[in-house]
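1. got a predicted model here, sequence first, then my questions.
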Amino acid sequence: MRVVLQRCRTASVSVDGQVVGAIGTGLVALVGIGHSDDEALVDAVADKTAALRIFSDDVGKMNRSVVDVDGDVLVISQFTLLADCRRGRRPAFTDAAPPDQASRLVDRYAERLRQTGMQAPTGIFGADMQVQLINDGPVTIVLP
C-alpha cells in the first residue's frame, strides 16, 4: 500500500465534469493498493493518516492532526502509485492489486477515516478523474 498525502486548503474530484467529492481544509489521500495488502494494513495506515501531526499549532509547529483541525480527507484511488519504473520507459503495474481487491480496500480506508468523525468523500474507482486542490504549505507525505 502506498498513500500520498497532500495537505490542502480545499480540494475536489470530478468525473465527466461533475464534482463527486469535495473538502475544505484537510488532506488529499492518493491511495494505491498492492497484491499483498490486507484489512489490517489498511486500518493501520488510515489510523496513521488521521493521527499524523502535519498541521500547524498556534506557534506554527506541525503539532496537530487532521482530526485536531476538524479537517476532512478526500480519498482518491490511484493504482499508478505502484508503478515499477526500474526498467525501460513504460511503467509496469504488476504490483497493483486487482480491481476488486483494490476497490474494497480503498473503500475500507475511507470508512476507517469516517469512523473518526470526519468526512472522507471519494472519487469513483476506475473512472477518469480530475483532482483539483490548493496545496497548503505545500506539505506532501508518503505513507507507510
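-> Received it, and whenever you're ready, just let me know what you need.

2. residue 69: which element?
-> For residue 69, there is no host helix or strand (DSSP states H and E).

3. what of residue 103?
-> Using DSSP H and E, residue 103 maps to helix 99-114.

4. and the strands in this structure, which stretches?
-> Assigned by DSSP state E, the strands in the chain fall at 2-15, 18-23, 26-32, 55-56, 62-64, 72-77, 129-143.

5. buried residues in the helix holding residue 103?
-> Using 16 or more other CB atoms under 10 Å as the test for burial, helix 99-114 gives 102, 105-106, 108-110, 112-114. All C-beta spots, glycine's among them, are computed from the backbone N, C-alpha and C.

6. how about those, which pair is most distant?
-> 102 and 114 (18.9 Å; CB to CB).

7. as JSON lines, the buried residues of helix 99-114 with distance to residue 141 and pLDDT would be great.
-> What follows is those, written out as JSON lines (distance: CB to CB, whole Å; pLDDT from 0 to 100):
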{"residue": "102", "distance to residue 141": "21", "pLDDT": "97"}
{"residue": "105", "distance to residue 141": "20", "pLDDT": "98"}
{"residue": "106", "distance to residue 141": "18", "pLDDT": "98"}
{"residue": "108", "distance to residue 141": "20", "pLDDT": "98"}
{"residue": "109", "distance to residue 141": "15", "pLDDT": "98"}
{"residue": "110", "distance to residue 141": "18", "pLDDT": "98"}
{"residue": "112", "distance to residue 141": "18", "pLDDT": "98"}
{"residue": "113", "distance to residue 141": "15", "pLDDT": "98"}
{"residue": "114", "distance to residue 141": "20", "pLDDT": "98"}
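
8. from those residues, which single one is nearest residue 37?
-> Nearest to residue 37 out of the buried residues of helix 99-114 is residue 105 (CB to CB; 5.9 Å).
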